[in-house]
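A.B. asks: any chance you can model this:
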Amino acid sequence: MNVVILDGYTVNPGDLSWAPIEAHGQVTIYDRTSPDQIFERSRFAEILVVNKVKIRGDLLAKLPMLRVICLLATGYDNVDVDAAQKYEVKVYNAVGYGTESVAQHTLAMILAFTNRIESHHRSVQHGDWADQDDFSYSLNSVRELKGKTLGIIGYGKIGRRVGDLASAFGMQVLTLSRSGEKEGARVVDQKTLFQSSHFISLHAPLNEGTREIVNQDTLEIMRKDAIIINTGRGGLIKEKDLIRALYTKVIAGAVLDVLTIEPPRASNGLCYLENAWITPHMAWKSFEAREALILIVAKNINHYINGVDTNRVV
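C.D. replies: This next block holds a predicted model:
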């Protein structure tokens, strides 16, 4: 089989092996593929492996040898699944590889903003501690997580794991649900969640029901000491409303791993606010998660070979 990986670098910048996928035939690996290179690199592929490269219907129409697309990701909005179905191209996504990685990053974001470890470290490096008259000082008042409320929007595997970790710190966990009670969290309505939470963590899929769920209306009912955490999708937040809320101190801060446009434009005001902390879409990227992702894609190729529908989108 001819397998082509179009954008492998973010998953494997060189610290992992592609061997589980290479076991399935001739594998060509590209770190990155620009839009004008996609057709030429894909034209003889039976299996395409992609992360963020966009696979559109007009491209699929020109790839008669293509039989399957395997995503190096859970989301598949970069693939025209209707066209894939039309041209009888199977699509498989990868589920469950990043639960621990994203949950760990989420708690790290909460702790980083709360305890300000890095700013205190830099203060010590600059000689501030050496100049103190007292044995102890702090740059800001640190609050304990115990007794605080964490609102989780998107209570799937990752959301539940975040809730577990938060509970270990003694936090109260709230979530939304249309289907009734959720283990480990108290189900409330959206207004209560936004009004009551000290932290709100976003883990929901991006769809018409969740798009820009954080907006001027929901921000204005939040606590003034509240923090927004987003490791889900940038589109869950209306960024111009968040910028305004942070600038005017409607809420205390935001810690974001994802933005609407990635990489961000230099003009994105979120990148310049002192109370907006941003990491570069890395919550999913632990070594173990990326290793698991490659194994899942290899299994999905096996599913295709054996006619198994596990992880199959279309």
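
A.B. asks: which residue ranges of the stretch 101-250 of the chain form helices?
C.D. replies: Chain-ordered helices for the stretch 101-250 of the chain, with DSSP state H, counting those that start in this stretch as the definition, fall at 117-125, 157-168, 190-196, 216-220, 239-247.

A.B. asks: what's the closest of the ones you listed to Val68?
C.D. replies: Checking these against Val68 by CB to CB gives helix 157-168 as the closest, at 24.8 Å. To be clear about C-beta, it is placed using only N, CA and C from the backbone, and glycine gets the same treatment.

A.B. asks: quick one: mean pLDDT for that closest one?
C.D. replies: Looking at helix 157-168 alone, the average pLDDT works out to 98.

A.B. asks: list the buried residues in it.
C.D. replies: Buried residues in helix 157-168, counted by 16 or more other CB atoms under 10 Å: 157-163, 165-166.

A.B. asks: likewise for stretch 258-276?
C.D. replies: Of the residues in stretch 258-276, those buried (16+ other CB under 10 Å) are 258-260, 264, 268, 270, 276.

A.B. asks: for Leu63, what are its contacts?
C.D. replies: Leu63 sits next to 39, 42-43, 45, 87, 89 when contact means CB atoms under 8 Å, 6 or more residues apart in numbering.

A.B. asks: repeat that for Gly170.
C.D. replies: Contacts here follow CB under 8 Å, 6+ apart; on that basis Gly170 touches 145-147.

A.B. asks: would you mind checking the residues you listed for buried ones?
C.D. replies: For the contacts of Gly170, buried by 16+ other CB under 10 Å: Leu145.

A.B. asks: of the contacts of Gly170, which is the nearest to Val124?
C.D. replies: Proximity of the contacts of Gly170 to Val124 was ranked by CB to CB; the top entry is Leu145 with 23.5 Å.

A.B. asks: measure that closest one to Gly154 for me?
C.D. replies: Shown here: Leu145 relative to Gly154, a distance of 20 Å by CB to CB, to the nearest Å.
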